[in-house]
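Enquirer: Give me the fold of what follows.
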Amino acid sequence: MAKIKITAFASGFGSTVEHLLNYERREKPAWTIIGVVSENPKARVLEVAKRFGITPTLLPWRNYSSREVFDAAVLDAVERQNPDVIFLLGFLKKIDPSLIHRFPHRIFNTHPSLLPKYGGKGMFGRIVHESVLSSGDKESGVTIHEVSETYDEGRVLLQKKIAVESGWSADELEEKIKAIEKSAIVEFLNHLDRGIQDGAKMG
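Expert: Reported below is the predicted structural model:
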């Protein structure tokens, strides 16, 4: 049976991509990462990909004359890879509708909160964790959702929760969320061949 082919989009350090590639090498799951796309020439994820034998696709944002030209380049690059699934793993650019229409119900994102709380434009990383703490929430977590044309409003597919302890700093909360995020993504990917793309909800 053919493996599910995944293209990962990432803009930064690439720790989650590295975790998934190590898991794939060790466990031989029913999915495989075939490509890594980044718009950031300084992203460590580019070196991570190369170390695992993947030639990354670098599309430097500032090299394109307009957003439309950049989006067309992204679409062309992904079509060449022809993945079954696209997963956003710390990708900082908004996904253009053209890509969503080309890969309907097959583009997923991970978000460091329990959506719909603390989602939307500008809500990412440390900003999310600081918002959780300042609001006094007793729990937080990670959400994996389908990507739609509006930030963080796509169908929720998986959520994992943790209790927020009194006195935690944003650094401490971020560390806890990153730990459960990796396991949540693996769980999600391991269920892809069980109908998650057809509308099932996990968690």
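Enquirer: burial of the closest residue to Arg25 other than its chain neighbours, as a residue count?
Expert: Nearest in space to Arg25, with sequence neighbours left out and distances taken as CB to CB, 6 or more residues apart in numbering, is Phe52 at 7.5 Å. For every residue, glycine as well, the C-beta is placed using N, CA and C. By other CB atoms under 10 Å, 15 other residues sit near Phe52.
Enquirer: One more: Arg80?
Expert: 9.
Enquirer: again, but for the one 5 residues further on
Expert: Each residue near Val85 was counted by other CB under 10 Å, and the total is 20.
Enquirer: For it, which residues count as its bridge partners?
Expert: Residues in a beta bridge with Val85, per DSSP bridges, are Ile6.
Enquirer: Isn't it up against Lys3?
Expert: No: in this structure, Val85 is not within contact of Lys3 by CB atoms under 8 Å, at 10.9 Å.
Enquirer: Which neighbours do these two have in common?
Expert: Common contacts of Val85 and Lys3 (CB atoms under 8 Å, 6 or more residues apart in numbering): Trp31.
Enquirer: what's the offset of stretch 41-61 from the middle of its chain?
Expert: Distance of stretch 41-61 from the chain centroid (CA atoms, centre = their mean, to the nearest Å) equals 16 Å.
Enquirer: what does it rub up against?
Expert: Contacts for stretch 41-61 (CB under 8 Å, 6+ apart): 8, 10-14, 17-18, 21, 25, 33-40, 70, 73-74, 77, 81, 90, 93.
Enquirer: and with 6 Å instead?
Expert: By CB atoms under 6 Å, 6 or more residues apart in numbering, the list of residues contacting stretch 41-61 from outside reads 10-14, 17-18, 21, 36-39, 73, 77.
Enquirer: Now it - C-alpha only, PDB.
Expert: Output of stretch 41-61 as PDB, limited to C-alpha atoms (Å, rounded to 0.1, in the frame of the first residue of the first chain):
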ATOM      1  CA  PRO A  41      16.400  31.700   3.600                       C
ATOM      2  CA  LYS A  42      17.700  31.700   7.200                       C
ATOM      3  CA  ALA A  43      15.400  28.900   8.400                       C
ATOM      4  CA  ARG A  44      17.200  26.000  10.100                       C
ATOM      5  CA  VAL A  45      14.500  23.700   8.700                       C
ATOM      6  CA  LEU A  46      16.300  23.900   5.300                       C
ATOM      7  CA  GLU A  47      19.300  22.200   6.800                       C
ATOM      8  CA  VAL A  48      17.100  19.700   8.700                       C
ATOM      9  CA  ALA A  49      15.500  18.600   5.400                       C
ATOM     10  CA  LYS A  50      18.900  18.200   3.700                       C
ATOM     11  CA  ARG A  51      20.200  16.100   6.600                       C
ATOM     12  CA  PHE A  52      17.300  13.600   5.900                       C
ATOM     13  CA  GLY A  53      17.900  13.500   2.200                       C
ATOM     14  CA  ILE A  54      15.200  15.900   1.200                       C
ATOM     15  CA  THR A  55      16.000  18.800  -1.100                       C
ATOM     16  CA  PRO A  56      14.000  21.700   0.300                       C
ATOM     17  CA  THR A  57      12.200  24.200  -1.800                       C
ATOM     18  CA  LEU A  58      13.200  27.700  -0.900                       C
ATOM     19  CA  LEU A  59      10.900  30.500  -2.100                       C
ATOM     20  CA  PRO A  60      12.400  33.700  -0.600                       C
ATOM     21  CA  TRP A  61       9.500  36.100   0.000                       C
END
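Enquirer: All set now, cheers.
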